[in-house]
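Engineer: can't give you the sequence, but here's the structure:
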């Protein structure tokens with residue numbers, strides 16, 4: 001069966017590492033940067049899965065953790081400041097470390113059309129360095145998409161740091177995808193802790209691969225960089241969803257799963273734009289692809305800028321996967337009652353898993 005839980009749990013039994021190959025930056029140039037412990041874990045996962053549409057970079061103030069991270073390029077952040085021993089949970093230390101390494105970061109980031117920055121909000125390195133990395137990437141001409149995890153509400157000190165860090169990050173990035181650990185826990189409460197954390201990594205990985213693969217690989221219905229830019233640039237509050245469907249009613253299932261977002265309450269009404277990409281086996285027809293696209297975007301504003309693409313993939317012979325980036329949606333306030341997210345710059349998004357409770361129980 002298709003599903004994120006299936007992938008995560010089965011990997012625990014037999015992890016497969018794909019040999020790294022030199023990235024060939026043909027066409028659109030895309031970089032995926034992980035910073036801090038959580039960000040590096042996500043980049044490791046993406047690299048092991050053999051991403052071909054982007055090059056991966058890992059940076060961390062913790063040299064020991066960086067050694068076990070898999071990426072095309074790695075860098076100990078601010079070694080002269082931290083001596084490779086980490087930021088001690090202090091974003092200000094990580095910020096200084098990143099600012100001390102600006103020249104090296106410019107070299108690592110290079111010139112790209114799109115840069116993804118993956119981090120965990122609430123700790124030291126990811127929270128403090130992500131805004132600096134975003135600024136460097138923006139200065140070098142990239143659209144910057146952040147993918148971050150938000151801490152459990154019981155972690156009061158980390159939540160405060162996460163809110164401050166997210167505000168700073170949003171000022172520098174074009175889009176920030178937020179994976180809320182509270183929602184993840186509520187949806188899969190019986191998963192072991194290590195699997196729950198891997199689940200967040202997989203949601204982030206699928207969001208990144210979905211966008212990167214959409215742009216780089218040829219499709220039956222093409223979505224190119226200009227389409228992605230038109231949807232994400234100035235789109236306001238946005239989200240990313242990954243839906244899957246299989247069986248005889250795979251079209252209906254795919255639409256339903258794509259419209260369900262257990263990691264954040266979302267109001268689609270009045271959405272201003274969307275990028276919808278469909279991956280399926282040879283059985284997919286043009287009519288079915290259009291039906292999926294119309295179903296996902298049915299609640300959007302009449303003038304919404306909707307771009308849709310479809311690609312045949314041997315990995316989905318028995319079903320279909322839908323990746324949707326939706327802009328102009330409404331969402332609960334991530335910053336508490338004291339703040340107004342509409343006053344913040346940038347965009348916040350949610351990465352959605354398409355987990356089914358029965359599927360979770362099946363692998364417990």
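Structural biologist: Perfect, I can see it now. Model, not experiment: these values are computed from the prediction.
Engineer: in the stretch 201-350 of the chain, which spans are helices?
Structural biologist: Applying DSSP state H, counting those that start in this stretch to the stretch 201-350 of the chain gives helices spanning 225-232, 250-258, 286-296.
Engineer: What residues of the shortest one count as buried?
Structural biologist: Think helix 225-232. Of all the residues in helix 225-232, those buried under the rule 16 or more other C-beta atoms under 10 Å are 225, 227-229, 231-232. Using the backbone N, CA and C atoms, a C-beta is placed for each residue, glycine as well.
Engineer: from these, which is closest to residue 186?
Structural biologist: Top of the list for closeness to residue 186, among the buried residues of helix 225-232 and by C-beta to C-beta, is residue 232 at 28.4 Å.
Engineer: excluding its backbone neighbours, what's nearest that closest one?
Structural biologist: Once flanking residues are discounted, residue 232 sits nearest to residue 175: 5.4 Å by C-beta to C-beta, 6 or more residues apart in numbering.
Engineer: And residue 153, by the same measure?
Structural biologist: residue 182 (5.5 Å).
Engineer: so residue 177 is in which element?
Structural biologist: Of the helices and strands defined by DSSP states H and E, residue 177 is found in strand 175-180.
Engineer: got the phi/psi numbers for residue 93?
Structural biologist: phi -70, psi -40 (degrees, to the nearest 10).
Engineer: Could you report the distance from the closest residue to it other than its chain neighbours to residue 126?
Structural biologist: With C-beta to C-beta, 6+ apart as the criterion, residue 93 has its nearest non-adjacent residue at 4.2 Å, and that residue is residue 87. The spacing between residue 87 and residue 126, counted by C-beta to C-beta, to the nearest Å, is 9 Å.
Engineer: Same check on residue 54?
Structural biologist: 19 Å.
Engineer: ok, these two, which is more surrounded?
Structural biologist: Set side by side, residue 54 and residue 126 show more neighbours around residue 126, with 32 against 28, by other C-beta atoms under 10 Å.
Engineer: Hmm, residue 120 and the more buried one touching each other?
Structural biologist: Yes - the pair residue 126 / residue 120 is scored as a contact, 4.7 Å apart, by C-beta atoms under 8 Å.
Engineer: shared neighbours of these two, anything?
Structural biologist: Both residue 126 and residue 120 are in contact with 36-39, 148, where contact means C-beta atoms under 8 Å, 6 or more residues apart in numbering.
Engineer: taking these one by one, which sit in strands?
Structural biologist: Using DSSP state E, the subset of the shared contacts of residue 126 and residue 120 located in strands is residue 148.
Engineer: Can you add pLDDT and give the shared contacts of residue 126 and residue 120 back as JSON lines?
Structural biologist: Formatted as JSON lines, those follow (pLDDT from 0 to 100):
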{"residue": "36", "pLDDT": "97"}
{"residue": "37", "pLDDT": "95"}
{"residue": "38", "pLDDT": "94"}
{"residue": "39", "pLDDT": "96"}
{"residue": "148", "pLDDT": "89"}
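Engineer: can you give me the strands for the stretch 1-150 of the chain?
Structural biologist: Listed in chain order, the strands of the stretch 1-150 of the chain (DSSP state E, counting those that start in this stretch) span 30-35, 55-60, 73-76, 114-120, 143-150.
Engineer: Which of the ones you listed has the lowest mean pLDDT?
Structural biologist: In terms of average pLDDT, strand 143-150 trails the rest of these, at a mean of 89.
Engineer: what lines up beside it in the sheet?
Structural biologist: Sheet pairing for strand 143-150, assigned by DSSP bridges, gives strand 114-120 (parallel), strand 175-180 (parallel).
Engineer: most tightly surrounded among those strands?
Structural biologist: strand 114-120 (a mean of 30; mean count of other C-beta atoms under 10 Å).
Engineer: so how far is that strand off the chain centroid?
Structural biologist: Its chain's C-alpha centre and that of strand 114-120 lie 8 Å apart, by C-alpha atoms, centre = their mean, to the nearest Å.
Engineer: okay, the angle between it and strand 55-60?
Structural biologist: Interaxial angle, strand 114-120 versus strand 55-60 (axes from the mean of the first three to the mean of the last three C-alpha atoms, to 10 degrees): 30 degrees.
Engineer: list residues touching both of residue 87 and residue 126?
Structural biologist: residue 94.
Engineer: All set, thanks.
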